[in-house]
Structures are given as structure tokens and as C-alpha cells.
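Visitor: Sequence and predicted structure are below.
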Amino acid sequence: MPRLNVQNPLVLLLAALLVLSPAWARAEQAPPSITMSGEGEVSAPPDLAHVSTGVVTRDATAQGALDANNAAMAQVVEEMKRAGIEPRDLQTSSFSVQPQYYHPPQGKDGRHEPPRIVGYQVSNTLLVRVRDLARLGAILDISVRLGANQLGGISFAVSEPAPYLETARKAAMADAIARASLYAEAAGVRLGRVLSISENGGGRPSPVFARMARAEDAAPVPIEAGEQAISARVSVTWELLQ
């Protein structure tokens, strides 16, 4: 009786084809499908603000500029705490000591004298998280009144965006269903089972920024937080039925 030589490459290839052919057949019989994207957006009132405020001091010596800066910033931080800002909501975001140079003009002989140091500048920037927006005006007043001469701006955010994001996701799914149903009806077919769902982008909202003037030019006007848009995008694939 002849024996099957399993070492023969041709035999192995034929065996592999026999095993894979059912899978190929199933792939060729994959049902028609439609993929549609949907978007959802909701508006949420911000309940959190981040204020960037800083103190810049200059002096002929680095130590003099540093001492003046430390004194002014210490007052700002202390008053912030008295106004109800917790220590965890106060963070130094940047600090620098930089020499200030004088560049002499070009001499009559065409030569340039090397620049020389004429003083020092110390910059200290504080990031303040304001959890009670009703106190925002008072916080700004403290900053300016106690010597903070740099206001980088204000950003507003939603501290708990999850409920709003859930609503946006549901709206995005409903939008995708409505679009897919419209196209399916126009094509004379019906939507079948859902084959896949994926979320594209969306997620936590980006902060809304409100620019401010320099401290010395700022007018005592209220700052409106407005509303923040929270969005979600989904992509859904359905099987199509005749």
C-alpha cells in the first residue's frame, strides 16, 4: 500500500489549500455593509478657571531683583490663601533670572564695543486654579493690587465633563443611525446588525481662553465665562439587508 509522503512540498501546499479554502469562501460571502460617522455636541457652563499671574522685578544686582520679587510674590500668595484659594491650587509655573544688557552704539571707527550687564530681571509666574468663579474678580484685584504686573490670561474649563460627554456620545450615535438609515432607505435596503463601533477624537474638552490686558492697562470689567462645547464623534458599520 503506497504511503503519503508528508515531506513533499507539493503535498503540504495542497493540504494548506484544503484547510484555507473554507475561510476564503466565507470571506467572499461577507455581507454588504455601510459605514457612517456621526457627531454630537453639547454646551456646558465652565465651573473652573485658571489664572496665570506673575511678578517681574528689575534691579542693578541679581540679589536686589530677587529680593524684591520674593517679597511681592509672597504677598500675592498670602492674600490668595486668605481669599480662599487652597495651597493645592497654587503652582509656580515658571521662574527665571536674566541679566539685562546694554549694547553700545557703533563707534566712529566702525568698532562695536561688547555688550555689558547693566542690571538683572527676575520673573516669577504663578498659576492659580479658581474653583469658585464668583471669586475670580477678587483674585484678579489681589494680583494687581499687590504688585503682580504680568497677567498671562484666563482659561475656563469644566471640572466634571463626563455627564456632558455621555450626552454628546449618545447624540453622535443617534446622528450616525439617522444618516445610515437615510442612505439605506434611498438604496432600497435595510440596516442589519452593527458590525463595529469606534470613537474618533472627542473626549475631554479643550479649555476656553480669555485674554486679558496688561495689568497696568486693564479696566475693572467683569469677565464672562460663557459656555464650553463638548463634542463626540463615532464611526459605525452596519450589515445591509435586502
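Guide: Sure, I can see it. Numbering: from 1, shown residues only.
Visitor: What is the helix or strand residue 143 falls within packed up against?
Guide: Under DSSP states H and E, the secondary-structure element containing residue 143 is helix 136-145. In this structure, helix 136-145 packs against strand 48-59, helix 62-82, strand 116-130, strand 150-157, with contacts taken as 3 or more Cβ pairs under 8 Å, 6 or more residues apart in numbering; DSSP states H and E. (Each C-beta comes from the backbone N, C-alpha and C, glycine too.)
Visitor: List just the one of those that sits closest to residue 104.
Guide: Shortest distance between residue 104 and the helices and strands packed on helix 136-145, using Cβ to Cβ, is found for strand 116-130: 7.8 Å.
Visitor: Backbone dihedrals for residue 94, please?
Guide: When read as degrees, to the nearest 10, the backbone of residue 94 gives phi -160, psi 150.
Visitor: Mind pulling up the pLDDT for it?
Guide: Each residue has a pLDDT score; the one for residue 94 is 93.
Visitor: Just grab the bridge partners of it for me.
Guide: The residues listed as beta-bridge partners of residue 94 by DSSP bridges are residue 125.
Visitor: quick one on the thing from earlier: pick the most deeply packed of the helices and strands packed on helix 136-145.
Guide: Neighbour counts averaged per stretch over these are highest for strand 48-59, at a mean of 21; criterion: mean count of other Cβ atoms under 10 Å.
Visitor: care to break this protein down by domain?
Guide: The record, using automatic domain parsing to delimit domains, assigns the chain the ranges 31-46+159-217+227-242, 48-157.
Visitor: what's the first-to-last distance across the first one?
Guide: Between the opening and closing residues of domain 31-46+159-217+227-242 we find a distance of 10 Å, counting by Cα to Cα, to the nearest Å.
Visitor: what's the spacing between it and its chain's center?
Guide: The gap between where domain 31-46+159-217+227-242 is centred and where its chain is centred comes out at 18 Å by Cα atoms, centre = their mean, to the nearest Å.
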